[in-house]
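Participant: test case, fold it:
(2 chains)
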There are 2 protein chains.
Amino acid sequence: MHIVAIGGSDAGISAGLRARELDPSVDVTVVVADAYPNFSICGIPYYVSGEVRPWQSLAHRTHADLAATGMQLRLDTLATRIDVAGRRLTVRDRYGAESELGYDELIVCTGASPSTAGIAGLDELGPEHGVHVLHSMGDTFALERSLEERDPQTAIIIGAGYVGLEMAEALTVRGIRVTQLQRGPEVLSTLDAELGGLIRAELVRNGVEVVTGSRVERVARTSDGLTVTGTGAGGVAFSRMADLVLVVVGVAPNTGLLERAGATLGAGRAVVVDEAMRTGLPHVYAAGDGVVTHHRQLGATYLPLGSTAHKQGRVAGENAVGGDARFAGSLGTQVVKVFDLIAARTGLREREATAVGFTPASSTAAADDHKAYYPGARPITMRVTGDAGTGRLLGAQLVGSWGTEVAKRVDVFATALHHEMTVAAITELDLSYTPPLGSPWDAVQVAAQSWTRMHVEQDAGVSDVETLDQPADSR
Amino acid sequence: MHIVAIGGSDAGISAGLRARELDPSVDVTVVVADAYPNFSICGIPYYVSGEVRPWQSLAHRTHADLAATGMQLRLDTLATRIDVAGRRLTVRDRYGAESELGYDELIVCTGASPSTAGIAGLDELGPEHGVHVLHSMGDTFALERSLEERDPQTAIIIGAGYVGLEMAEALTVRGIRVTQLQRGPEVLSTLDAELGGLIRAELVRNGVEVVTGSRVERVARTSDGLTVTGTGAGGVAFSRMADLVLVVVGVAPNTGLLERAGATLGAGRAVVVDEAMRTGLPHVYAAGDGVVTHHRQLGATYLPLGSTAHKQGRVAGENAVGGDARFAGSLGTQVVKVFDLIAARTGLREREATAVGFTPASSTAAADDHKAYYPGARPITMRVTGDAGTGRLLGAQLVGSWGTEVAKRVDVFATALHHEMTVAAITELDLSYTPPLGSPWDAVQVAAQSWTRMHVEQDAGVSDVETLDQPADSR
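Facilitator: Down below sits the predicted model:
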């Protein structure tokens, strides 16, 4: 049996590994468009900052590790056509030579490419002009070359999502003065503005100039450098100059190969797959950033994340060798480090929840990560969203200092969401406690109790004594 | 309506707070045996170490905070008799004067007292001789006085459970040479010896002399200091001398008051209560370290913990004002800091699981807390126990460095246990990922996958390729 996976990133490699793990007699070939299979794309900002060196350490596995798994890798090889009926894949190698690979099962993991959000001028400008996107190791090397050769003093980052924020930190660490342009009213628009504002303050505290409400229309090259123009807050035109421009405004799924083979596009114009990662084309699976994301609360959506790609690839690999795995669904759990703050979320915010028929209500609470009397306690700001009708937990957003276990606290919420707990029931969880690391009611329980007091007990006629139980909880 | 709570620690205060929160018209009186209501007993080791000063900051709430809740406190007052039929409580104040308090509902939270495990000599020796137990603020002040006035150079700690380990650190920080005597074969006997050994190494690395397998029989005073004698490994008698002796070998529930009123004793000779915290005596609830612990896996047991006392007190307070709350049950989730290591557990170990009819199997895995390429990654050792028949998660034990989010990782396991997940399903949880704080498969998922490979997939005939998927997981 011969399985071919297309794509050397998280989904493709996970698929191949899982297939080989379950059935070592299976031949697995992975077709990789570049020379960098199994690299941790999420780590690129930390290479740019200089915290990770050399670039080779960004690999999840070395070539030797990969070879030891028994997978065959075809590097610098582009998949150009799928013959679904004939179960043959046409590929083109680095010299332009085409050949065909027969397969029994095909797993397509072609990922996504950086979006340019319709910004004019980006067609003509590239790394050679100091204008960059950042998604692949190739993009990374190009940016590093720019940083070394152009020695930019100033940079404009277009976008303030996860990668944009990480890059604001990375370039600041490199000594570059960063201006961050964000279209929406607040940075990190995946959080409510109340929490996004904490992230903005952290950026500003670290010298990043943040300009929100700015719609970028054009990037141009002038004799003095690069100019970014657009419409700012209040409809006023703006223009900014810098030595380097980084465009990180999201990604779009790479679907051409599967589209031409007859696959259907769905949410986010990504390829439609079922929970078994089947495309509907016989013997063709797909996984990763190129496909729709089954979300436990939203149904099929598009929410590309590395952790999701790993899971989807694992499911595809298992099913390709005859398994019966199902992707259990995303909750959109995400976390990002921005200088000394950590921001995380899982599940839905109010607008998203309303769109799928819930009656969301939210409350914001702050509680120390551990007992205030033990040195180093710092507050975590938590916004909990629940359904006002059923009391069910819908989502949580957390912002706190690095070192306050925000990432794993959001995971407690994610695990609670997985099981459709009510917000009130979070109080019943038997969570760990020692004064240097927590409180008898953990911070997540303080947040849950705050929501319950506001949206359940008060509605039930319980008087407004909201802060009564707070001291024990938060200290 | 008048509610009387006996006990000024976690359970009693939580009960009073919850009653007042739900019905501010209720009168609540809390009878407190000493002058230190609502103190964080778990914080005492950090006062002894000098990290927490002054001692007043150990209070969850100040007297003013407590007064603001509208509760009445009767300090230095001992409850001596319950007249169940007459709903009257006899109390004795600091001057020895007895009086009676009428109540509508009574909540008894008399806690536990330090055990002395049948060690001879402890009847005649006390703080004035440098022999201490440690459970109350009174004990704390006595120990602090000894440390200041006797200026001990050496100390023997009898016991190596949570408090014993925290005190080994605290006394070491104070510059005292500590010998820790442990009856069992390894320190922290609530963990499997494989993980306990990591804690022992950390103690030794910090200069603590650890002697396991030593059954202490007698503490005596000689002209040179204090002598601890007993039987060591291999049945050989041992004798150790020190300037100070601390006996921290567990606690026994304080049940006299309720026993005399007709309550029943159960597991651990603690007072039997149902999940609503009813004692069976009309209008008498009980909560905290004096009562049996309903455990989600073991049924009624005795497992006194501060976090549990808070939850039980809250349930009792809610029911005393006519609510219908149930204690959802403990999982024995615990965490302790020992110098730079954190040890945590939740759920059952093999022996405990076997005793209640499971067919447990365990596996141990190590995974970095975050991607190895990002600075500061450190391994977490995780031992997962599951039921070999059903694949259900039964428990988890974790040991890792301070700062590796071990406490909240055990909480992810605890939340999974709460929902009776299988070990394999943990892989499906959508947990957060960013390279500075995690991996695409979080450490807890690496541990779950390791268990599943060993105990499910191999049993199902899947070949032994155990390490194949490990690199991606752990790096």
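Participant: who are the contact partners of the residue minimising distance to the centre of chain A?
Facilitator: The centre of chain A sits closest to A:L305, judged by CA atoms, centre = their mean, with a distance of 4.1 Å. Going by CB atoms under 8 Å, 6 or more residues apart in numbering or on different chains, A:L305 touches A:T293, A:S330, A:G332, A:Q334, B:Y433. Every C-beta, even on glycine, is put in place using the N, C-alpha and C of the backbone.
Participant: can you lay out these as CSV showing distance to A:E194, pLDDT and secondary structure?
Facilitator: What follows is those, written out as CSV (distance: CB to CB, whole Å; pLDDT from 0 to 100; DSSP: H, G, I helix; E, B strand; the rest coil):
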residue, distance to A:E194, pLDDT, secondary structure
A:T293, 26, 98, strand
A:S330, 24, 98, strand
A:G332, 19, 98, coil
A:Q334, 17, 98, strand
B:Y433, 24, 98, coil
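Participant: in those residues, find the pair that's most separated.
Facilitator: A:T293 and B:Y433 (14.8 Å; CB to CB).
Participant: show me where the stretch 1-150 of chain A dips below the pLDDT cut-off.
Facilitator: Along the stretch 1-150 of chain A, no part satisfies pLDDT under 70.
Participant: any residues of the stretch 201-350 of chain A in contact with chain B? List them.
Facilitator: Within the stretch 201-350 of chain A, the positions adjacent to chain B are A:296, A:305-311, A:314, A:328-337, A:342, A:344, A:346 by CB under 8 Å from any CB of the partner chain.
Participant: from those, which land in strands?
Facilitator: Among these, the ones falling in strands (DSSP state E) are A:Q334, A:V335, A:V336, A:K337, A:I342, A:A344, A:T346.
Participant: coming back round to it: ChimeraX command for the buried members of the residues of the stretch 201-350 of chain A next to chain B?
Facilitator: To isolate the buried members of these in ChimeraX, using 16 or more other CB atoms under 10 Å in any protein chain shown:
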select /A:296,305,306,307,308,309,310,311,314,328,329,330,331,332,333,334,335,336,337,342,344,346
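Participant: how many other residues sit next to the residue lying closest to A:S450 once chain neighbours are set aside?
Facilitator: Nearest residue to A:S450, sequence neighbours excluded (CB to CB, 6 or more residues apart in numbering or on different chains): A:A365, at 3.9 Å. By other CB atoms under 10 Å in any protein chain shown, 23 other residues sit near A:A365.
Participant: can you give me the helices for chain A?
Facilitator: Remark: helices assigned in chain A by DSSP state H are A:10-22, A:44-48, A:63-68, A:137-150, A:162-173, A:193-205, A:256-260, A:306-320, A:350-355, A:406-418, A:443-452, A:470-474.
Participant: looking at those, which is nearest to B:T190?
Facilitator: Comparing the helices of chain A by CB to CB, helix A:406-418 comes nearest, at 21.4 Å.
Participant: A:T422 and chain B, how far apart?
Facilitator: Using CB to the nearest CB, to the nearest Å, A:T422 is found at 12 Å from chain B.
Participant: that residue against A:L393, yeah?
Facilitator: Yes - judged on CB atoms under 8 Å, A:T422 makes contact with A:L393 at a distance of 6.5 Å.
Participant: what do these two both touch?
Facilitator: By CB under 8 Å, 6+ apart, the residues touching both A:T422 and A:L393 are A:G386.
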